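In: What would the 3D arrangement of this be:
(one chain, ligands or ions: 1)
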Amino acid sequence: MSTRRKFLYGSLFSSAAVLAGKKLFAATDQVPAPVKDQAIVISTWDFGQAANAEAWKVLQPGGKALDAVEAGVKVPEADPNNQSVGYGGLPDRDGRVTLDACIMDERYNCGSVMCLEHIMHPISVARLVMEKTPHIVLVGDGALQFALANGFKKENLLTPKSEHDWKEWLKTSKYEPVMNIENKLYKKEEGPMPGGPNNHDTIGMIAMDNNGDLSGACTTSGMAFKLHGRVGDSPIIGAGLYVDNEIGAATSSGVGEEVIRIVGSHLVVELMRQGYAPEAACKKAVERIIRRNPEKAKNIQVGFLAMNKKGQYGAYALQKGFTYSVKSGKEDKIYTSKSIY
Ligand code: GLY
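Out: You can find the predicted model right below:
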């Protein structure tokens, strides 16, 4: 722990002790002081590492967290080999690649696009919605028209590999909406849910810049072979992503429907406000999903990833195999999250 961090923790604990002595202490009133000059970026899954590297190019010289998260998640968005985000994403059941993304800065500004087709970088369109319109969400054709009017190029996002996989799926067309590109329910008896390239989805990224400000971005092609028009948690502020610059930020990956039901990322941030550490807050949110439907929770994956205002981070998932990537001045690592099952 750095001297500065020790000092900050020390002051926090001593103030808390004084307040506790006067019976005035309440964890919910604690607003941690920002940690300066300790930029850090975290993102979901192994492929987050390459995205973090791009974000770090912005953060390291002192750039803003908002610019960092946009630059970072554009990496998997443009990667044709990533079949769960942007270009090369698996299509819906009609063969259409529809993308969801949102972005949020340190002042509760946010923007989102849902069911956007033909645009390689939905995250940049979401940022424009945030910065250039009085709105927060644009969907479908409206989002596309807005993107084209703002200079984005119309492109075919369906790669030969994803088209091939979709055609294979069409042979059975079994509609089992689970977050798994093999389109089958994960069965615990089959062993640990793989965390490798065949089982990841959304990238959610959270960055803290050298000023101590937080921002986040989340982008996905969503559930493979979904109904046309289906939108998951990723572009929904509060579900797939939430940033509260006083407290921390959270993002999610996995079966979006279950995250939406509990407004997952907002819940994680509120738990951190109550004093939970990031990992503990993520665990609580995962447990809430289980409480709602224990049987269903056994067969799906949801993972949360969070960072607090001190730059501490943590994650928790329903199933084994949820990984996340961290980049700071001190480390460049991929971690495997703890899980319930
Ligand atoms: N978490 C991504 C989705 O459900 O679409």
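In: how would you label the residue in the stretch 1-150 of the chain that the ligand sits nearest to: helix, strand or coil?
Out: Closest to the ligand within the stretch 1-150 of the chain is Asp100: 6.3 Å, counting by CB to the nearest ligand atom. No exception for glycine: its C-beta is placed from N, CA and C like everyone else's. Secondary structure assignment for Asp100 (DSSP: H, G, I helix; E, B strand; the rest coil): strand.
In: Same question for Val269.
Out: Val269 ends up helix, using three-state DSSP.
In: tell me the contacts of it?
Out: Tyr242, Val243, Asp244, Ile247, Gly248, Ala249, Ala250, Ala281, Ala306 (CB atoms under 8 Å, 6 or more residues apart in numbering).
In: Can you pick out the most distant pair from the residues you listed?
Out: Val243 and Ala281 (14.2 Å; CB to CB).
In: Who has more neighbours out of the two?
Out: Val243 (32 against 27; other CB atoms under 10 Å).
In: For that one, what are phi and psi?
Out: phi -130, psi 120 (degrees, to the nearest 10).
In: Thought Cys115 was touching Thr98, still the case?
Out: Yes - here Thr98 reaches Cys115: they are 4.6 Å apart, a contact under CB atoms under 8 Å.
In: Now for those two: what residues contact both?
Out: Joint contacts of Thr98 and Cys115 (CB under 8 Å, 6+ apart) are Gly229.
In: hmm, back to that, between the contacts of Val269, which sits nearest the ligand?
Out: The closest of these, once distances to the ligand are taken by CB to the nearest ligand atom, is Ala250, at 13.4 Å.
In: What's the separation between Val255 and the ligand?
Out: 6 Å (CB to the nearest ligand atom, to the nearest Å).
In: Who does the residue lying closest to Val129 once chain neighbours are set aside form a beta bridge with?
Out: Residue nearest to Val129 in three dimensions, not counting chain neighbours: Gly111, with 3.7 Å by CB to CB, 6 or more residues apart in numbering. Beta-bridge partners recorded for Gly111 (DSSP bridges): Ile103.
In: Identify the residues contacting Gly111.
Out: Cys102, Ile103, Ala126, Arg127, Leu128, Val129, Met130, Glu131, Thr133, Ile136, Val137.
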